[in-house]
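> Predicted coordinates and the sequence they were generated for:
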Amino acid sequence: MTAMTDGGGAVAGGADPHDARTAARARARRPAPAAPGAGADLRGAVQEATARAVRDLLARQDPAGWWKGDLQTNVTMDAEDLLLRQFLGIRDEATTAAAALFIRGEQREDGTWATFHGGPPELSATIEAYVALRLAGDPPDAPHMARSSAWIRAHGGIAGARVFTRIWLALFGWWSWDHLPELPPELVFLPPWVPLNIYDFGCWARQTIVPLTVVSALRPVRPAPFALDELHTDARTPFPDKPLASATSWDGAFQRMDRLLHLYRRVAPRRLREAAMATAARWIIERQENDGCWGGIQPPAVYSVIALHLLGYALDHPVMRAGLTSLDRFAVWREDGARMIEACQSPVWDTCLAAIALADAGLEPDHPALVAAADWMLGEEIRKSGDWAVRRPGLEPGGWAFEFHNDNYPDIDDTAEVVLALRRVRHPEPARIEAAIARGVSWNLGMQSRNGAWGAFDADNTSTLPNRLPFCDFGEVIDPPSADVTAHVVEMLAVEGRAADPRTRRGIDWLLAEQEPDGCWFGRWGTNYVYGVGSVLPALTTAGIAPSHPAIRRAVRWLESVQNEDGGWGEDQRSYRDRAWAGKGASTPSQTAWALMALLSAGERDGEAVERGLAHLVDTQRADGTWDEPYFTGTGFPWDFSINYHLYRQVFPLTALGRYLYGEPFGPGGRRGAPAPSASATPPPAPSATPPPSATAGATEEAG
């Protein structure tokens, strides 16, 4: 195991590089020396801020060992929860009033709703929120409602909304099923090698689409409690014709295919359709988790409950009862009586990040909080196969999911970060830790895609065809490799002594090739280019790439160029739509921390940008050790679905402050790497700037 460093690459204290316990203890007890340009006042302020943040984070831990912050998205979650209850006939006044209180609180002065803090108005979110408030009894002529409906009409009305919004309205006859894309249940019969089979979709889309095929086939309509004529641009012609795209374009081809599917609906063999729906029902039920949910996320659970109910499952059926109970767990009741619905919950992700933050901030590796967190994470390991095995049959399971219960869909990102967290803990049963880490490393290696990189849930989920379907206008529906996930896996592999492994080197090659011309990386699961750089630089340096490498210097220059005047970093969600927003936005604690983590890993500990960033975190910390972060820095679907992880504002600043005080957690080559080679030793081959031809060929072949 590699000896800990002082932040500049030197071995600290001559610790045995193969003794993880000695290295961890040495690092936890001895702060790194002050940077030459750092004033004692700043260093002292950082130490105080770190101590406050440690106390706050420790106080947030559940007695069972986990952490979980609220996961805030947008009001469509709350609106659709009310619409579901209306559809099933179980909506009650108390729940409705609490949901309406939250929805009203998110409305802006112009009557609209956005999908992220400070974002532009969004048509579908505004329509769904308006309908939910109508269910709650808000009259259409109330000022806040009139402003909303006027804006909706001016921006295309219901006809301009996304498919999902129009499906919800079709359930009550406010929209026509004939004017929605067809989604035949026979889709479940397509084998994995046929284009557009269900496994060509990302797991989140797959879990949603399968139940929606049943809903689309049965086309239910419940009595509408009121009309919505005020939401049409012209109530006399609510279904305006849309011209078809050119037949030679992908969009035009799929539009015409959709028309053929509408014709097929009229002649579909009854027995075939019934068999398809029965198969879909079995598929859904087989994937219900022990807590009653599906995939640990709210949208698939909602549509699964509707689909099964339409197929005859009564509300008191055990499957339905468990499903409805699980939906209640997504509710966050606030002190003012408002009820917010989380799209999912993130305890595994939050716990591993919290453990990393505390360890890197100097907490002893055998501290009871870290041991309890490790125990809980060990209990969350998934040892059964899931949908990922369709593309990786025979691979032994051994990963972690994001949520409390999601055994069918462990993810590569969580698995990498859990391994990194476990590696920081001195557990009284080290054999348990080593066995779980070994399984996690093996599973992640087996999930590498053909191009050398890693996606989040599946390997080689790269076909672009699903994104072109008329139905799929709600966000990303495939799961191709991303720089942030790949970086976390590369970092984990390096820490586990696999920096020179050919598979790790292929991942590094892919990362170097994916760097943008200006020096940043696209961030798939965090916003955005700041997150990409904050993920990639620590991985590259841990894997042994020198801070002087041109790619790292370009990334450092980019971060310095986008630092805000107040010393922080921020990036708006609009960077997913407009490259001009890259690295631009109000400073946030989490994004400032990502930038600092990148700069510290690149050897910039004594740089002005780091000092200004640290000062920003110190100055914006509250007296209780917390930070405020209303801006959304997490990503579900780039641009289309944004997330505010409420624990990000705590764990990432603490990680950055701790790494400034105590140095990088792992030296070049990773903790398990060999001691620094002598002058005569032959170093591992440096990664090239472009992926090997075999990797590129695989990626191109799959994309087609």
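On my side now, so go ahead. Numbers count the residues shown, from 1 in each chain.
> Next up, the contacts around the nearest residue to residue 636 once chain neighbours are set aside.
Among residues not flanking residue 636 along the chain, residue 643 sits closest, at 5.5 Å (CB to CB, 6 or more residues apart in numbering). The way it works is simple: take the backbone N, C-alpha and C, and place the C-beta from them, glycine included. Counting by CB atoms under 8 Å, 6 or more residues apart in numbering, residue 643 makes contact with 71, 72, 73, 343, 632, 634, 635, 636.
> my read: the third one touches residue 641, true?
Yes. Residue 73 sits in contact with residue 641 when judged by CB atoms under 8 Å, with a separation of 6.7 Å.
> Name the residues contacting each of the two.
115, 343.
> Report how many residues lie close to residue 239.
When neighbours are defined as other CB atoms under 10 Å, residue 239 has 12 of them.
> Tell me who's in contact with it.
Per CB under 8 Å, 6+ apart, neighbours of residue 239: 159, 176, 179.
> Show me the strands in this structure, by range?
Using DSSP state E, the strands of the chain run over residues 71-72, 331-333, 339-341, 634-637, 641-645.
> Tell me the helices and strands packed up against the fourth one.
Looking back up the chat, that one is strand 634-637. strand 641-645 (3 or more CB pairs under 8 Å, 6 or more residues apart in numbering; DSSP states H and E).
> So in that sheet, which strands flank the strand it packs on, and in what orientation?
Strand pairing for strand 641-645, using DSSP bridges, gives strand 71-72 (antiparallel), strand 634-637 (antiparallel).
> Alpha carbons of the last one, as CSV, please.
The C-alpha trace of strand 634-637 is given here as CSV (Å, rounded to 0.1, in the frame of the first residue of the first chain):
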residue,chain,number,x,y,z
GLY,A,634,-27.1,17.2,-9.2
THR,A,635,-28.3,15.7,-12.5
GLY,A,636,-30.8,13.0,-13.3
PHE,A,637,-31.2,13.7,-17.0
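> And it, what's buried?
634, 635, 636, 637 (16 or more other CB atoms under 10 Å).
> ok, back up a step: nearest to residue 548, of the contacts of residue 239?
Using CB to CB, residue 159 comes nearest to residue 548 of the contacts of residue 239, at 56.8 Å.
> contacting residues for that closest one?
232, 233, 238, 239, 240.
> Also residue 152?
Contacts of residue 152 (CB under 8 Å, 6+ apart): 123, 126, 127, 130, 158, 231.
> Tell me the most packed of those, by neighbour count.
Going by other CB under 10 Å, residue 127 tops these with 30 neighbours.
> Settle this for me: that residue is touching residue 156, isn't it.
No. Contact criterion CB under 8 Å: residue 127 and residue 156 do not qualify, at 9.9 Å.
> residues touching residue 642, list them.
Counted by CB under 8 Å, 6+ apart, residue 642 has contacts 73, 74, 115, 116, 119, 527, 573, 632, 634, 635, 636.
> wait, what's in contact with residue 297?
Residue 297 neighbours (CB under 8 Å, 6+ apart): 204, 207, 343, 344, 403.
> Please repeat the previous calculation with a cut-off of 10 Å.
203-204, 207-208, 330, 342-345, 402-403, 406, 409, 636 (CB atoms under 10 Å, 6 or more residues apart in numbering).
> Just put those residues in CSV and tack on pLDDT and distance to residue 352.
Below are these laid out as CSV (pLDDT from 0 to 100; distance: CB to CB, whole Å):
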residue, pLDDT, distance to residue 352
203, 94, 20
204, 93, 20
207, 95, 23
208, 94, 26
330, 94, 22
342, 96, 19
343, 95, 20
344, 94, 16
345, 95, 14
402, 95, 10
403, 95, 13
406, 93, 15
409, 95, 17
636, 94, 19
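> centre of the chain versus stretch 238-256, how much separation?
Chain-centre distance of stretch 238-256: 32 Å, with CA atoms, centre = their mean, to the nearest Å.
> Just to check, residue 505 is in contact with residue 540?
No. Applying CB atoms under 10 Å as the test, residue 505 and residue 540 come out as separate, 11.7 Å apart.
> These two: which has the busier surroundings?
It is residue 540, of residue 505 and residue 540, that has more neighbours when counted by other CB under 10 Å, with 28 against 22.
> Which residue ranges of the stretch 601-704 of the chain form helices?
According to DSSP state H, counting those that start in this stretch, the stretch 601-704 of the chain carries its helices in the segments 608-620, 648-662, 693-703.
> Using a markdown table, lay out the ones you listed together with mean pLDDT, mean neighbour count and distance to residue 149.
Compiled in a markdown table, the helices of the stretch 601-704 of the chain are given as follows (pLDDT from 0 to 100; neighbours: other CB atoms under 10 Å; distance: least, CB to CB, whole Å):
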| stretch | mean pLDDT | mean neighbour count | distance to residue 149 |
| --- | --- | --- | --- |
| helix 608-620 | 98 | 20 | 39 |
| helix 648-662 | 97 | 27 | 35 |
| helix 693-703 | 34 | 15 | 43 |
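> Out of those helices, which is closest to residue 389?
helix 693-703 (18.0 Å).
> so what's residue 149 closest to, chain neighbours aside?
Nearest one to residue 149, counting by CB to CB, 6+ apart, is residue 230 at 4.6 Å.
> what's the neighbour count on that neighbour?
So residue 230, with other CB under 10 Å, has 18 neighbours.
> For the stretch 351-500 of the chain, which segments count as helices?
368-379, 412-422, 430-446, 483-495.
> Please identify the deepest-packed of these.
Neighbour counts (mean count of other CB atoms under 10 Å) averaged over each of the helices of the stretch 351-500 of the chain peak at helix 483-495, with a mean of 29.
> Centre of the chain to it, how far?
16 Å.
> what bits of the stretch 151-300 of the chain have low per-residue confidence?
Within the stretch 151-300 of the chain, not a single segment meets pLDDT under 70.
> how about a cut-off of 90?
Applying pLDDT under 90 to the stretch 151-300 of the chain picks out residues 235-258, 299.
> how about residue 619, what does it touch?
Residue 619 neighbours (CB under 10 Å, 6+ apart): 45, 49, 566, 567, 568.
> What about those residues, which one has the most neighbours?
residue 568 (24 neighbours).
> quick one, helices of the stretch 51-200 of the chain?
Counting by DSSP H, counting those that start in this stretch, the helices of the stretch 51-200 of the chain are 76-88, 93-106, 123-135, 143-154, 163-170.
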